[in-house]
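Asks: Sequence and predicted model, in that order:
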Amino acid sequence: MAVWRVKTVVLLAGLVALCVGKPALHASLRPRAFTPLPAGSITPKGWFLKQLELQAEGLSGYLALFWPDISSSVWIGGTNDGGLHERTPYWLNGIVPLAFLLNSAGRDLAKPPTPPRKNHTLCKQNVDMRNGDIRFLQVNNISECHDLCVATPACVAFVTDSCSNQSVTCWLKETVGAQTSASCRCLGFVPPEPASVMGQAQRYLNYIMDQQTAAGWLGPDDEKTGVMYWQNFNVLFALIQFMEGAPENTDRVVNVIHRYLAEAYSRMQHTPMVSWAAARGMDFALSVQYMLQFHPNGKEQMLSSMLDLIQQQTMDWETWFSAFKSGASPHGVNNAQALKSSAVWYVQTGNESFHQSSLQRMHNMDQTYGMPSGMFCADEILCDAPEQRMPSRGTELCAVVEAMFSYNTMFSVHGDVQFADRAERIAYNALPATWASKKGGDMWNHQYLQAVNEITAQSQAEHVWGHDGPDAELYGLAPNYGCCTANFNQGWPKFANMLYFSVGDKGVAVGAYAPSVANFGSGVTVEVNTSYPFEDTVNIIVTTPYPLPLYVRIPGWAHENQVAVNTSVLGTAPNGTMHKISLPAGHSTVRLTFFPTVRLEQWYGKGSVSVHRGALMYSLPITGNYTVLHTYPYDSRDYQVQPLDQWKFALDTSAFNYSQPGYVAGSAPFNHTDWACSVDASVRSFDAWPLEKGSAGAPPQGPVCTQSGCGTARSARLVPYGGTDLRISEFPIA
C-alpha cells in the first residue's frame, strides 16, 4: 500500500476560472477551478529551458528529417503511417507547444532551410531513381515538378521524363534509392534541412489544413469504422495550440475546426465511435468544449449536442476505475488518458459525482497498480496479479506523458492539489527516467518500457514484462513499437503550459514549479526563479497594475514550509493546499521555502521501500556498459545497456544524509553524472535476492538481514531517479 497520501483542500467556491479578457463561459459548461494559459504565454528559463532545448536538439527536432512515419507521413503527402494514422498527430501535439515555448525564449535553435539558388541545376540529366514514389502526374516543365516537391513536405526527391513533346511526367519521391542511367530522365533532390521547430510545425499544419476535404474531413479518409475519429483528436489539440500561440491564424483555424466537427458529428450519427476512439473520447470532448467556450461561432446547439454524443459513445471509465473489471479495458495508455474522463464530464454536466470519481480512481489505481514513480504498472496491459505492482515490470512512455496531461487536467478542473502533486511527480521522475545515452542527459534514445528496478536494458527473449516484445526496454529510436517515439513529444511542453493558471476575479495561480515567466495579459506577469526540484526555495515575482490574489501550491509532502512576501515572513501554509496570498498593485516577491525530510514509501509490499525527498525519488545507480545495436541518422542510436555493478542490496533505513551541490547552469538537468542533489545511505549486500527472467526479482520481504546472511554495511549514494539508466529504486529493508 502506498503510504504517501495528500491532504486536499478543494478550491471551487467562488472560483470562476476564466482567463483575463476571455469570453464568458457557455451556460452548458461548468467553470474550471484553474484555467491554463494559452499557448505562447509562458517563457521557460534556467534548467527547464535547457531541458526543452535538449528535446528540440534531440528526436523532437529531427524526426521530421529522417523517421519515415513523420518525414514521409500520409498526413503530408507521403505513404508512411505506422498504423491508425496517429503518429504525425501525436508528434504535432508536442512539437507545436514546444515551438512556442522556444520561440518565446528566443531559442528556436535550428537554422531555417537555405532557399535554393536561382541559378543552380534543378536535376541531374539522364539519371533515374526507381521506387519510393509518392505519386506521379503530368506537368509543364521540370521547374514545376521541382516546385511541387518543395511544396509537399514528404517529398525529398523527384524524377522527370521529358521525352514527350506534349508534357513532362513528374514523379515525387519520399525516399532516396539506387540511381541508374536513363535517357530523358532527370533526377533532382530537395533534401530536408534542419528547420526551426516552429517552421516544422507551421509546414505540417498548413499542409493538413490546405488538404481539408470539401466535406470538412482532415487527413486520411480510408477508415470506415468508428475508429476513424481517433486520428484527429491530437490534430485538434495541435491546431488549438497553434492558433493560441499565433492569433493571426485564428480565423483560418477556427473555420477548419468547425468544418471538421460538423463532418465528424454527421458521421457519428450513423457510425459511432469504437475501439481507440471510444476509449479516448474524453480527449475529443476537450477540444469541443474549447470551441464551445471560446469560438462557438453561432454553433452552440450543435457543439452541445456533440458533447453529449461523445460522452454517450465513450467507454464507461467511471465503472472501470471503480473495480477494474468492466466498462472499459486494461490497456495501459487508454487508462492513462482516461484518468481525466470524469473531470471532462464534470465540465459539461456539473455533476459532483464526477469529482468524487476522479478522487476515487487515483486512490484505486495507486492501491492496485501504483508505482513509486507516480505511475502505474502497465507493460501494454495493466499488470496482472500477483505482480500488479512489481517494480521490475514496466510502464510505457506513452502512458507517462498521457498521465501527466490527465492529472494536470484533473487539477485544473477540480482544484485538488494531489492531482498537481502527481503530475509533477511523474514529470520529474518517470519522464526523464525513460531516456539514456552513453553521453547522458540528452533526448535521442528512449525506452518503450521503463522499470523502477531496472538492472539491464537489453533484448530479452524471456522477460518479466508480460505483454510487449523482447526489445521493449532497449534505449533507442523506436524500440518495440513506434507510438511512443511520436507521443513522447507532448510530455515537457504540455507540462510547461500547465504551470500557471488564471483564477476568477483576476486571480493567478502557480500549480507546479519550474523556472519560467508567465504573461497573463492586462499587465500581469508572474516569474518563478528557482532550481526546484533540485533545491527547496521558490521565488515568485508578481507584477500587476491592480491588487490580485495569488494562489501557490503547497505540496502534500511539504509539512514544513515558510511563506514570505517581500521582507515579511507570513508563517507556515497548510500542506496540500492552494495557499492564497493577497498582493497589492506593483511588484511583489513571494518566497516559498520548503523543508522536506527524506521519507520512505511502501508500494510493492511490506518490508520494501522507496526513498523520496520533496518531489524527487532517489535510486541506486548501476553503471552501464553501452553497446550500439543500430545507428540511424544524426545522433539516433539503438543501445543495449548491461550492468557493470552489483545491484543486490538491502537498505538500512535508520539514517540518511542529503546533499545539494546544486544545478549547474547550462548542464543537462537529468544527466547520469554530476547530480544536482543526492542522498547518502547505508546498504548491505544481499545475495539471496533472486533474478526473475533476466530482471531483478520482486524485492524480498524485509527485514532480510535478520533472516539470512547480509554483507557488511557500506555507504551508497542515491541519486535522482530521472537521472539513471539502470537502477534499484525499491529496496528490501536490511
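Replies: Thanks, I have the structure now. Residues are numbered from 1 along each chain as shown.
Asks: Could you give the number of residues near the spatially closest residue to residue 633 that is not a sequence neighbour?
Replies: Nearest non-adjacent residue to residue 633, counting by C-beta to C-beta, 6 or more residues apart in numbering: residue 66, 4.2 Å away. All C-beta atoms are positioned from the backbone trio N, CA, C, and that covers glycine. The local packing of residue 66 (other C-beta atoms under 10 Å) involves 16 other residues.
Asks: Residue 66 contacts residue 634, doesn't it?
Replies: Yes - using C-beta atoms under 8 Å, residue 66 makes contact with residue 634 at a distance of 6.7 Å.
Asks: Looking at the residue nearest to residue 633 now. What's its pLDDT?
Replies: Confidence per residue is given as pLDDT, and for residue 66 that number is 90.
Asks: ok, it - contacts?
Replies: 192, 632-634, 636 (C-beta atoms under 8 Å, 6 or more residues apart in numbering).
Asks: again, 10 Å this time
Replies: Shown here is residue 66, whose contacts under the criterion C-beta atoms under 10 Å, 6 or more residues apart in numbering are 59, 72, 192, 477, 632-634, 636.
Asks: tell me, what's touching residue 66 and residue 634 both at once?
Replies: The contact lists of residue 66 and residue 634 share residue 59, where a contact means C-beta under 10 Å, 6+ apart.
Asks: how about the strands in the stretch 351-500 of the chain?
Replies: With DSSP state E, counting those that start in this stretch applied, the stretch 351-500 of the chain shows strands at 378-379, 381-382, 394-396, 449-451, 500-503, listed in chain order.
Asks: Please identify the deepest-packed of those strands.
Replies: Counting by mean count of other C-beta atoms under 10 Å, strand 394-396 has the highest mean neighbour count of those, with a mean of 31.
Asks: Quick check: which helices or strands does that one pack against?
Replies: helix 332-338, strand 378-379, strand 449-451, helix 483-487 (3 or more C-beta pairs under 10 Å, 6 or more residues apart in numbering; DSSP states H and E).
Asks: Try it again at 7 Å.
Replies: Where contact means 3 or more C-beta pairs under 7 Å, 6 or more residues apart in numbering; DSSP states H and E, strand 394-396 is packed against strand 378-379, strand 449-451.
Asks: how about those strands in JSON lines, adding mean pLDDT and distance to residue 705?
Replies: Formatted as JSON lines, these follow (pLDDT from 0 to 100; distance: least, C-beta to C-beta, whole Å):
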{"stretch": "strand 378-379", "mean pLDDT": "96", "distance to residue 705": "31"}
{"stretch": "strand 449-451", "mean pLDDT": "98", "distance to residue 705": "25"}
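Asks: can you list the ones you listed in TSV and add distance to residue 126?
Replies: Written out in TSV, the entries for the helices and strands packed on strand 394-396 read as follows (distance: least, C-beta to C-beta, whole Å):
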stretch	distance to residue 126
strand 378-379	54
strand 449-451	51
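Asks: To residue 297, which of the ones you listed lies closest?
Replies: Ranking these by their distance to residue 297 (criterion: C-beta to C-beta) puts strand 378-379 first, at 39.9 Å.
Asks: Mind checking which residue lies nearest the centre of the chain?
Replies: By C-alpha atoms, centre = their mean, the mean C-alpha position of the chain lies nearest to residue 491, the distance being 1.8 Å.
Asks: Make sure residue 652 is indeed in a helix.
Replies: No - secondary structure assignment (DSSP: H, G, I helix; E, B strand; the rest coil) places residue 652 in strand, not in a helix.
Asks: what secondary structure does the closest residue to it other than its chain neighbours sit in?
Replies: The shortest distance from residue 652 to any non-neighbouring residue, by C-beta to C-beta, 6+ apart, is to residue 682 (4.0 Å). Taken by three-state DSSP, the conformation at residue 682 corresponds to strand.
Asks: just use 154 as the starting number from now, easier for me
Replies: Taking 154 as the first residue, the last one we looked at is residue 835.
Asks: you'd agree residue 835 is up against residue 871?
Replies: No - Residue 835 is not in contact with residue 871 according to C-beta atoms under 7 Å; the separation is 10.8 Å.
Asks: Show me what the nearest residue to residue 689 once chain neighbours are set aside is bridged to.
Replies: In space, not counting the residues next to it along the chain, residue 689 is nearest to residue 747; the distance is 4.6 Å by C-beta to C-beta, 6+ apart. With DSSP bridges as the criterion, the beta-bridge partners of residue 747 are residue 714.
Asks: Measure how buried residue 747 is and give me the count.
Replies: Other residues near residue 747 number 22, with proximity taken as other C-beta under 10 Å.
Asks: got it, and the one 4 residues further on?
Replies: Residue 751 sits with 17 neighbouring residues when counted by other C-beta under 10 Å.
Asks: next one: residue 818
Replies: Counted with other C-beta under 10 Å, the burial measure for residue 818 works out to 9 neighbours.
Asks: Sticking with it, tell me its helix or strand.
Replies: When elements are assigned from DSSP states H and E, residue 818 belongs to no helix and no strand.
Asks: nearest spatial neighbour of it, skipping sequence neighbours?
Replies: residue 199 (7.3 Å).
Asks: Next up, phi/psi of that neighbour, please.
Replies: Dihedral angles phi and psi of residue 199 (degrees, to the nearest 10) take the values phi 50, psi -140.
Asks: I'd like the distance between the residue nearest to residue 805 and residue 866.
Replies: As judged by C-beta to C-beta, to the nearest Å, residue 835 and residue 866 stand 5 Å apart.
Asks: so what sits against both of these two?
Replies: Taking C-beta atoms under 7 Å, 6 or more residues apart in numbering as the criterion, residue 835 and residue 866 both touch residue 805.
Asks: neighbour count winner among these two?
Replies: Summary of the neighbour comparison: residue 835 and residue 866, criterion other C-beta under 10 Å, with residue 835 having more neighbours (18 against 14).
Asks: On the strand side of things, show who the residue nearest to residue 618 when sequence neighbours are not counted bridges to.
Replies: Closest residue to residue 618 apart from its sequence neighbours, by C-beta to C-beta, 6+ apart: residue 532 at 3.8 Å. With DSSP bridges applied, the residues forming beta bridges to residue 532 are residue 534.
Asks: for residue 532, what are its contacts?
Replies: For residue 532, the contacting residues are 546-547, 549, 602, 618-621, taking C-beta under 7 Å, 6+ apart as the criterion.
Asks: And these, which two are furthest apart?
Replies: In terms of C-beta to C-beta, these reach their longest pairwise distance at 549 and 619, which sit 12.1 Å apart.
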